[in-house]
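**Q** fold the following and give me the result.
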Amino acid sequence: MPSNQTPNYKLSQWERTDKVQMEDFNADNAKIDAAIKAEADARTALAAQVAKKGNCRVWATSYIGTGTCGMNGPTSVTFPEKPLFAMILTPGSIEIAWITPGNGFLVYSKSNQLTWSGNTASWFHDYPNGEPQNQLNYKGSRYNVLAFFMTDK
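**A** Alright, predicted model coming up:
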């Protein structure tokens, strides 16, 4: 019987005066085998999860502004499915609008009202006197839309 054990896996540690027995070795080998198996399983599970991260599907489209604005003239984009998030790049500037399905908020302007119907996002701007450019719908301007979809559902 061993006098001591290792701190982590409680493997046998003998002193010269200890009687060494086969059962002690077998128990240690079982502990080592179980620890190695658990580590291998954990690495396999981690690799499977890591393979899913950072992967996304990107979709792009554009629309031409019509010049309408307000509740009766919303702007809308229909996506192939609800995106994780989407960006609308405004023409001639570095401004970007963010659309997120979770909270229904169009980041470009806090006064824009964003709603979802299925996979279609619609928004309008009414404050103070609705302006098409604030609604991302300036007449004749091209707006590029970039959407990101999860691939690990």
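**Q** so which residue of the chain lies furthest out from the middle?
**A** Distance to the chain centre peaks in the chain at residue 17, reaching 59.6 Å (criterion: C-alpha atoms, centre = their mean).
**Q** which residues touch that one?
**A** The contact partners of residue 17, by C-beta atoms under 8 Å, 6 or more residues apart in numbering, come to residue 3. C-beta: built from backbone N, CA, C; applies to glycine.
**Q** please apply the same query to the one 3 residues further on.
**A** Contacts here follow C-beta under 8 Å, 6+ apart; on that basis residue 20 touches 2, 14.
**Q** do the same with the one 4 residues further on
**A** When the contact criterion is C-beta under 8 Å, 6+ apart, the partners of residue 24 are 1-2, 12.
**Q** now, among those, which is nearest to residue 47?
**A** Of all the contacts of residue 24, residue 47 sits closest to residue 12, with 33.1 Å by C-beta to C-beta.
**Q** just name the shakiest helix or strand of the protein by mean pLDDT.
**A** strand 105-106 (a mean of 62; mean pLDDT, DSSP states H and E).
**Q** and the gap between residue 113 and residue 74?
**A** According to C-beta to C-beta, to the nearest Å, residue 113 and residue 74 sit 8 Å apart.
**Q** and for the two, which residues touch both?
**A** Between them, residue 113 and residue 74 share the contacting residues 123-124, judged by C-beta under 8 Å, 6+ apart.
**Q** follow-up on the earlier one: next, the residue farthest from the centre of the chain: secondary structure please.
**A** Secondary structure, DSSP: H, G, I helix; E, B strand; the rest coil: residue 17 is coil.
**Q** what's the distance between it and residue 100?
**A** From residue 17 across to residue 100, the span is 70 Å (C-beta to C-beta).
**Q** what does residue 146 give?
**A** 14 Å.
**Q** do residue 44 as well
**A** For residue 44 relative to residue 100 (C-beta to C-beta), the value is 34 Å.
**Q** kindly report the same for residue 140.
**A** Residue 140 is 28 Å from residue 100, by C-beta to C-beta.
**Q** just the helices from the chain, written as ranges.
**A** Here the chain has its helices, by DSSP state H, at 22-52.
**Q** where do the contact lists of residue 146 and residue 100 overlap?
**A** The overlap between the contact sets of residue 146 and residue 100 (C-beta under 8 Å, 6+ apart) consists of residue 86.
**Q** re earlier: compare residue 140 and residue 100 (neighbour count), which wins?
**A** residue 100 (16 against 9; other C-beta atoms under 10 Å).
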